[in-house]
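A.B. asks: next come a sequence and a model predicted from it.
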Amino acid sequence: MITLNCCSYIYCSIALAVDNPELFNRIAGTFHSKATLRFVILLWGEKSSLNFSGIEELPVFSYQEIIDLGQESYRAFFGAPDSSKYH
């Protein structure tokens, strides 16, 4: 049986989705110097609770911000009204 360290996936990823600030803070020290992350998605909790020492330039988006960006992109691409009322 092959066992992989979860952090090995982070090193070759461009985004990281974390459940809450506590999880991010727990794993941030293990990947900040080796990962090539472009952004983080925080599913629950407050961005202000994240510990960014050493990775201050890393953009963080909330779940709602990602949804909003997707809806804006959809409207811009298709020229459609707000798609949320259709789903």
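C.D. replies: Good, I have the coordinates.
A.B. asks: what segments of this structure are helices?
C.D. replies: In the chain, the helices defined using DSSP state H lie at 6-11, 21-31, 63-78.
A.B. asks: which of those helices sits most buried?
C.D. replies: helix 21-31 (a mean of 16; mean count of other Cβ atoms under 10 Å). (C-beta placed from N, C-alpha, C; glycine too.)
A.B. asks: low-confidence regions, the protein specifically.
C.D. replies: The model of the chain has pLDDT under 70 over residues 1-12, 31-35, 54-55, 80-87.
A.B. asks: quick one on the thing from earlier: which one of the helices of the chain lies closest to residue 43?
C.D. replies: Minimum separation from residue 43 across the helices of the chain (Cβ to Cβ) falls at helix 63-78, 5.0 Å.
A.B. asks: mind checking how far the residue nearest to residue 41 when sequence neighbours are not counted is from residue 47?
C.D. replies: Distance criterion Cβ to Cβ, 6 or more residues apart in numbering; nearest residue to residue 41, sequence neighbours excluded, is residue 17 at 4.3 Å. Distance of residue 17 to residue 47, computed by Cβ to Cβ, to the nearest Å: 14 Å.
A.B. asks: next: residue 40.
C.D. replies: For residue 40, the distance to residue 47 - Cβ to Cβ - is 9 Å.
A.B. asks: please apply the same query to residue 76.
C.D. replies: Counting by Cβ to Cβ, the gap from residue 76 to residue 47 is 25 Å.
A.B. asks: do residue 72 as well
C.D. replies: 20 Å.
A.B. asks: C-alpha coordinates for stretch 63-75, PDB please?
C.D. replies: Extracted C-alpha coordinates of stretch 63-75, given in PDB (Å, rounded to 0.1, in the frame of the first residue of the first chain):
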ATOM      1  CA  TYR A  63     -16.500  30.800  -0.700                       C
ATOM      2  CA  GLN A  64     -19.100  33.600  -1.400                       C
ATOM      3  CA  GLU A  65     -16.400  35.600  -3.200                       C
ATOM      4  CA  ILE A  66     -15.700  32.600  -5.500                       C
ATOM      5  CA  ILE A  67     -19.400  32.200  -6.200                       C
ATOM      6  CA  ASP A  68     -19.700  36.000  -7.000                       C
ATOM      7  CA  LEU A  69     -16.700  35.900  -9.300                       C
ATOM      8  CA  GLY A  70     -18.200  32.900 -11.200                       C
ATOM      9  CA  GLN A  71     -21.500  34.700 -11.600                       C
ATOM     10  CA  GLU A  72     -19.800  37.900 -12.800                       C
ATOM     11  CA  SER A  73     -17.800  35.900 -15.300                       C
ATOM     12  CA  TYR A  74     -20.900  34.100 -16.600                       C
ATOM     13  CA  ARG A  75     -22.700  37.400 -17.100                       C
END
